[in-house]
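1. predicted coordinates and the sequence they were generated for:
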Amino acid sequence: MGKMGNRILVVDDEKNMLLLLSTILEEEGYRVVTAFNGEEALRSLEACTEPGRSGGVDLVLSDLRMSKMDGLALLRRSKEISPSTPFIIITGYGAIESAVEAMRSGAYDYITKPFDNNEVIGIVRKALEYQTLIKHVPDPYTLHPTPLDEDNGGLFGDIKIIGRHENMRGLFSLIRKVAESDATVLIYGESGVGKELVARAIHNISHRRDAPFTPIDCGSLPETLLESELFGHVKGAFTDAIITKKGLFEEGNGGTIFLDEIAGTSLLFQSKLMRALQEKEIKPVGSNKRMKVDVRIISASNRNLHTSIRQRTFREDLYYRLSVVPLFIPPLRERREDIPLLVDHFIKKYQKEGEVERFVSQETLKLLRDYPWNGNVRELENTIERAMVLSSGQELKIDLVSRKKQRFINEEATLKESIREISREIGKERILEALIRTKMNHKEAARLLGISRATLYNKIREYNIDLKA
């Protein structure tokens, strides 16, 4: 039910639609103010913000196509009057581009006609939760220090994230705030910074903490397998579907799904994910039946999704659905003051019970602080673990010079391999032949072709090869 005092301004130039929306919202306990056009709506907004005027509008729900002033124009004017008030656009299916333009202009979300009453209620509820959230959450790009649970990190249930740097402390504050809602979260950060750890921390202190947390690496799976993993499949849906299998959305119902490297998915899969988010229901591969699901989506990317949108490899409407609250995890080189804390943490983590206490010298610690750590926290952890295994005395010996040289050799080898793969002009026929010869064994097919499995998946996607055929 709507909280006492939540007032929603509903705007539509069709009386029947205005009545329907008002009835849906009033039955949920919301107070509804109506306006028959954009100009009337603006007068209502301005009146609510007058000094000394009691009450206010907590949310605006407006049709896109209206005479005199359309929904886009109303949105832009309303943001000038009340920037923090969530605005939801209602649009016909054929006007999705206009809905995306509305989200660029600051709309919280959009609803397409014909809509389900529960969809309207769900989006309104989340928008009001978001409004409450942003009143207390600092801008993720201008983070401010907050008190820590301990001197050297933030505690989130049984998960501890190490960091004293002010941007990390700001991140801890954001984690606590977003955990209170069901808003989608998009975590940005380089490989190795701990995106999954942050996602787990959010889940760990949310109301979903007793339900499953399910991570999946979207970039490592081909499209058909990813769809099956998430949505499930019925027996006989494809060649290897010998039994009916539940997907992660169904198995993790009530919990959180973490979609890592979301930028690595295909446009076709993105459209199916978009529908699942919008309708809150899924359809298993090969099935005609849809089922309702209740999961929170946290996604992550080490790529700039705005660039992917410009390159037309990522859906803009999906981006806005996934990034209600964006979080950024700074790379390790931008928070070098945290390196000694992390070193100490990893030494304790890998210290064997009953073993004499291990340590690094101040000279080594200085070298560790000055090292670039392109692999971020994951690389530092691996370095300490390796030193714990190979060092014979109490003092850990870490040869960063040889490590840097080895990194250069590895990167050079990777670059050469990438160049070799790009230079191989492998046609569709050769790929099909390899798949047939190996009975669709992707690992063996890639070996026959002399390419990596990732390159094979990319070629299958590029040539639009139907693996079910």
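-> Happy to help now that I have it.

2. residue ranges for the strands of the stretch 201-350 of the chain, please.
-> Along the stretch 201-350 of the chain, counting by DSSP state E, counting those that start in this stretch, strands occupy 213-217, 256-260, 281-282, 291-292, 296-301, 325-328.

3. which of those strands sits closest to Ala241?
-> Distance to Ala241, taken as C-beta to C-beta, is lowest for strand 281-282 among those, at 16.3 Å. (Each C-beta comes from the backbone N, C-alpha and C, glycine too.)

4. given the closest one, what are its sheet partners and their directions?
-> Using DSSP bridges, the strands paired with strand 281-282 are strand 291-292 (antiparallel).

5. ok, and what's touching the strand it pairs with?
-> Residues from elsewhere that reach strand 291-292, judged by C-beta atoms under 8 Å, 6 or more residues apart in numbering: 250, 280-284.

6. let's see it at 7 Å
-> With contacts defined as C-beta atoms under 7 Å, 6 or more residues apart in numbering, strand 291-292 is touched by 250, 280-282.

7. so what's the gap between stretch 383-391 and the chain middle?
-> 34 Å (C-alpha atoms, centre = their mean, to the nearest Å).

8. what does that stretch contact?
-> The set of residues external to stretch 383-391 that reach it, using C-beta under 7 Å, 6+ apart, is 343, 346-347, 350, 358, 396-398.

9. got those residues as TSV, with pLDDT, distance to Gly189 and neighbour count columns?
-> Compiled in TSV, the contacts of stretch 383-391 are given as follows (pLDDT from 0 to 100; distance: C-beta to C-beta, whole Å; neighbours: other C-beta atoms under 10 Å):
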residue	pLDDT	distance to Gly189	neighbour count
Val343	92	20	24
Phe346	93	19	20
Ile347	92	24	18
Tyr350	91	24	16
Arg358	90	29	18
Leu396	89	27	19
Lys397	85	30	12
Ile398	85	25	22
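
10. which of the residues you listed sits closest to Arg336?
-> Distances from Arg336 to those, taken as C-beta to C-beta, are shortest for Val343 (11.6 Å).

11. ok, now how distant is that closest one from Ala179?
-> With distances taken as C-beta to C-beta, to the nearest Å, Val343 is found 29 Å from Ala179.

12. any regions of the stretch 351-469 of the chain where pLDDT drops low?
-> 400-427, 467-469 (pLDDT under 70).

13. and the helices in it?
-> 362-370, 376-390, 400-423, 428-437, 442-449, 453-462 (DSSP state H, counting those that start in this stretch).

14. Glu124: which element?
-> Slight slip there: residue 124 is Val, not Glu. Assigned by DSSP states H and E, Val124 belongs to helix 117-134.

15. for the record, mean pLDDT for that helix?
-> Helix 117-134 carries an average pLDDT of 80.

16. now do the buried residues in it.
-> By neighbour count on 16 or more other C-beta atoms under 10 Å, the buried set for helix 117-134 is 120-121, 123-131, 133-134.

17. can you list contacts of stretch 215-223?
-> Residues from elsewhere that reach stretch 215-223 (C-beta under 7 Å, 6+ apart): 196, 226, 229-230, 248, 258-262, 264-266, 268-269, 457, 460-461.

18. so which bits of that stretch are buried?
-> By 16+ other C-beta under 10 Å, the buried positions in stretch 215-223 come out as 215-216, 218-219, 221-223.

19. now go through those and say which are in helices.
-> When DSSP state H is applied, the buried residues of stretch 215-223 are split such that Glu223 fall in helices.

20. what about the helices in the stretch 101-250 of the chain?
-> For the stretch 101-250 of the chain, the helices defined by DSSP H, counting those that start in this stretch occupy 117-134, 166-179, 195-204, 223-231, 248-251.

21. next, format these as CSV and append distance to Arg77.
-> As requested, those are exported to CSV (distance: least, C-beta to C-beta, whole Å):
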stretch, distance to Arg77
helix 117-134, 19
helix 166-179, 29
helix 195-204, 35
helix 223-231, 40
helix 248-251, 39
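
22. any idea what sits nearest Thr91, other than its immediate chain neighbours?
-> Leaving aside its sequence neighbours, Thr91 sits nearest to Leu64 (C-beta to C-beta, 6 or more residues apart in numbering; 4.1 Å).

23. ok, back up a step: a markdown table for the contacts of stretch 383-391, including distance to Thr244?
-> Below are those laid out as a markdown table (distance: C-beta to C-beta, whole Å):
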| residue | distance to Thr244 |
| --- | --- |
| Val343 | 49 |
| Phe346 | 44 |
| Ile347 | 48 |
| Tyr350 | 43 |
| Arg358 | 51 |
| Leu396 | 52 |
| Lys397 | 55 |
| Ile398 | 52 |
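
24. pick the one among the residues you listed closest to Arg290.
-> Phe346 (46.3 Å).

25. now do the contacts for that closest one.
-> Going by C-beta under 7 Å, 6+ apart, Phe346 touches 381, 384-385.

26. list buried residues within these.
-> Among the contacts of Phe346, those classed as buried by 16+ other C-beta under 10 Å are 381, 384.

27. just the contacts of Phe346 now: which is nearest Leu368?
-> Nearest to Leu368 among the contacts of Phe346 is Ile384, at 9.0 Å by C-beta to C-beta.

28. could you report the separation of the closest one from Gln394?
-> Ile384 is 14 Å from Gln394, where distance means C-beta to C-beta.

29. now do Arg430
-> From Arg430 to Gln394 the distance is 57 Å (C-beta to C-beta).

30. more neighbours, the two?
-> Between Arg430 and Gln394, counted using other C-beta atoms under 10 Å, Arg430 has the larger neighbour count: 15 against 10.

31. which ones are touching that one?
-> Applying C-beta under 7 Å, 6+ apart, we find Arg430 in contact with Leu449.

32. quick check: the nearest residue to Gly375 once chain neighbours are set aside vs Leu248, distance?
-> Excluding the flanking residues, the one nearest Gly375 by C-beta to C-beta, 6+ apart is Gly192, at 4.7 Å. Applying C-beta to C-beta, the value for Gly192 to Leu248 is 24 Å.

33. what of Pro372?
-> Distance, Pro372 to Leu248, using C-beta to C-beta: 36 Å.

34. which of these two has more neighbours?
-> More crowded of Pro372 and Leu248, by other C-beta under 10 Å: Leu248, with 22 against 12.

35. test my guess that that one contacts Glu229.
-> Yes. With contact defined as C-beta atoms under 7 Å, Leu248 and Glu229 form a contacting pair (6.0 Å).

36. residues near the residue nearest to Gly375, how many?
-> If you count neighbours by other C-beta under 10 Å, Gly192 ends up with 20.

37. much appreciated, bye for now.
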